[in-house]
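**Q** build me a model:
(2 chains)
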Amino acid sequence: MLDIQQLRKELPQVVEGLKRRGYALDEATFCALEAKRKSLQVKTEELQATRNAASRQIGILKSKGLDTVPAMAEVAGIGDALKANETALGALQDQLNGFLRQIPNIPRADVPAGKSADDNVEVRRWGKARTFDFAPKDHTDIGEALKGIDFETASKLSGSRFSVLRGQVARLHRAIAQFMLDTHTAQHGYTEVYVPYMVGSESADGVSSLAKFKDDLFKIEGRDLYLIPTAEYPVTNFVRDTIVDAKELPLKFACHSPCFRSEAGSYGKDIRGMIRQHQFDKVELVQIVTPEKSADAHEELTAHAEAILQKLELPYRTMLLCTGDMGFSSAKTYDLEVWLPAQNAYREISSCSNFEAFQARRMMARFKNAAGKTELLHTINGSGLAVGRTMVAILENFQNADGSVTIPSALRCYMAGAAKIDLAA
RNA sequence: GGAGAGGUGGCAGAGUGGUCGAAUGCACCGGACUCGAAAUCCGGCAUACCGGUCUCCGGUAUCGUGGGUUCGAAUCCCACCCUCUCCGCCA
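**A** Predicted coordinates for the structure are as follows:
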């Protein structure tokens, strides 16, 4: 949510900023609502002040044992007018709030303008795509040959976009998550957290716009609970409605969790394989910082996610998303894209965003600054990384001509020292 | 599932219809004392919003949430949510 004060004071700048990401702010509606709000609020508060003063007088008269009848007659008329004003003001504030909540975040000045993913900017590239002396297979073929990935059984159980993993491949999946968590906690200073995989609508609305994105979530029938689409939902909400002591900042959390996404609207996309699933594991990084630190923290967090790819020897590139391709709440986003030989393309494996105060404002997540004033926190998060897609990348990049898959050395200690996954295994 | 207790400021914890935004303690910030620190003493210290003559002044709202009663509600009534304790059941 944007700052309504900023809209009042710097409307032209806000309009300009939003225009960069292709969002046309309805200025006329906003100004009309604001004008109405102002007059109604002033009127209502005046009435309240009159009533409060009168009631206070009655209290004083009573304590002195004096007659209160004339004083009470005086307030009698206020009630109805006040109630009408309060109701109208409440409705108007709801309207204004609704209007405000559906406005996306303003992109930072250093975010390139653009309409779609085609306009994203590659900021760096790491590793070399391996050249194969045989035709590389995709992860589905590799996994099925190893009897490690079983989509048939998964679809019997739960339909499409699910997978069953077995044996060494299942273990590899677990190893990847362990490795990521261990790296982030031991080397990057994150605190490991375990969290609920369902959250209430208030938490969901804190990090994103529930009204806008509820179709992407799985809802628990008859309960105000949603399966989390990312650990960002529970973890960022740690600080909802709280005032954090500045001494505790920055907060850095790493969380391994499953993620559940309905993938509504992606019919026909990535049907084959494990790229796009209703359920996948992810290690999420979350940082909660002061505003001055957020830009640096965003770079740092992105580097932490990149470190995982480097340690796993997976070629990737870092993309700075353009204004048109960023998520609703983000002010700036880097996507990490890993090289997939079978697709002959880079595919997203992590998304690292700085939300600045956008989420914090919705969540009322604040801290006390040096001057003793409460100020909104900045929130940053990123995948570090998506576990399923990381496994896909390993299977494809480390595949051998005989159908076996070499295990990246960083993971071997999590695989009882095994150097590869063999067909026979 | 049964029975009970309770939700008040950053935290702990008083307050059962009238200057209560709320005692007290802790924490925190300033000052005094000190070579410095501790201890002690003095002062300050909730949040959000609105208006204005906008580093200040005035106003409104907020005691789990939403309704109700009343001139007036933290306090009374109703509903809901949540937490805790005990019993039962169970991974």
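**Q** going forward, measure contacts between C-alpha atoms and count neighbours the same way
**A** Will do.
**Q** do you know the pLDDT at the closest residue to A:Asp325 other than its chain neighbours?
**A** Setting aside the residues directly before and after it, A:Asp325 is nearest to A:Ser116 in space (CA to CA, 6 or more residues apart in numbering), at 5.2 Å. With respect to pLDDT, A:Ser116 scores 91.
**Q** please apply the same query to A:Ala371.
**A** Confidence score, pLDDT, at A:Ala371: 68.
**Q** kindly report the same for A:Asp241.
**A** The pLDDT attached to A:Asp241 in the predicted structure is 82.
**Q** that one reaches A:Ala365, doesn't it?
**A** Yes - between A:Asp241 and A:Ala365 there is a contact at 5.5 Å, judged by CA atoms under 8 Å.
**Q** contacting residues for the residue of the stretch 301-425 of chain A found nearest RNA strand B?
**A** Closest residue of the stretch 301-425 of chain A to RNA strand B, CA to the nearest atom of the strand: A:Thr374 (5.1 Å). By CA atoms under 8 Å, 6 or more residues apart in numbering, the contact set of A:Thr374 is A:243, A:366-368.
**Q** A:Ala254 is in contact with A:Leu181, correct?
**A** Yes - A:Leu181 sits in contact with A:Ala254 when judged by CA under 8 Å, with a separation of 6.7 Å.
**Q** can you tell me what sits against stretch A:379-391?
**A** For stretch A:379-391, contacts defined as CA under 8 Å, 6+ apart pick out A:172-173, A:176-177, A:180, A:232, A:236, A:274-275, A:280-289, A:294, A:297-298, A:301-302, A:304-306, A:308, A:349-357, A:359-360.
**Q** one more time with 7 Å, if that's ok
**A** Contacting residues not belonging to stretch A:379-391 are listed as A:173, A:176-177, A:274-275, A:280-289, A:298, A:305, A:349-357, A:359-360 [CA atoms under 7 Å, 6 or more residues apart in numbering].
**Q** restricted to strands, list these.
**A** Those of the contacts of stretch A:379-391 mapping onto strands are A:280-289, A:349-356, per DSSP state E.
**Q** in PyMOL, how would I select just the buried ones from those residues?
**A** Here the buried members of these are turned into a PyMOL selection, burial being counted by 16 or more other CA atoms under 10 Å:
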select buried, chain A and resi 280+281+282+283+284+285+286+287+288+289+349+350+351+352+353+354+355+356
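**Q** quick one on the thing from earlier: looking at A:Leu181 and A:Ala254, which one has more neighbours?
**A** A:Ala254 (30 against 25; other CA atoms under 10 Å).
**Q** so that one touches A:Gln287, yeah?
**A** No - in this structure, A:Ala254 sits apart from A:Gln287 without contact. The criterion is CA atoms under 7 Å, and the distance is 9.0 Å.
**Q** tell me, how many residues neighbour A:Ala295?
**A** As a burial measure, A:Ala295 scores 17 neighbours (other CA under 10 Å).
**Q** for it, which non-adjacent residue is closest in space?
**A** Among residues not flanking A:Ala295 along the chain, A:Asn354 sits closest, at 7.5 Å (CA to CA, 6+ apart).
**Q** and what of A:Met326?
**A** Nearest residue to A:Met326 in three dimensions, chain neighbours excluded: A:Thr333, at 6.5 Å (CA to CA, 6+ apart).
**Q** locate the one you found within the secondary structure: which element?
**A** A:Thr333 belongs to strand A:332-340 when elements are defined using DSSP states H and E.
**Q** for that strand, name the packing helices and strands.
**A** Counting contacts by 3 or more CA pairs under 7 Å, 6 or more residues apart in numbering; DSSP states H and E, strand A:332-340 is packed against strand A:316-320, strand A:345-356, helix A:387-397.
**Q** again, 6 Å this time
**A** Helices and strands touching strand A:332-340, by 3 or more CA pairs under 6 Å, 6 or more residues apart in numbering; DSSP states H and E, are strand A:316-320, strand A:345-356.
**Q** just give me how far that strand sits from the chain centre.
**A** Average the C-alpha atoms of strand A:332-340, do the same for its chain, and the two points are 16 Å apart (CA atoms, centre = their mean, to the nearest Å).
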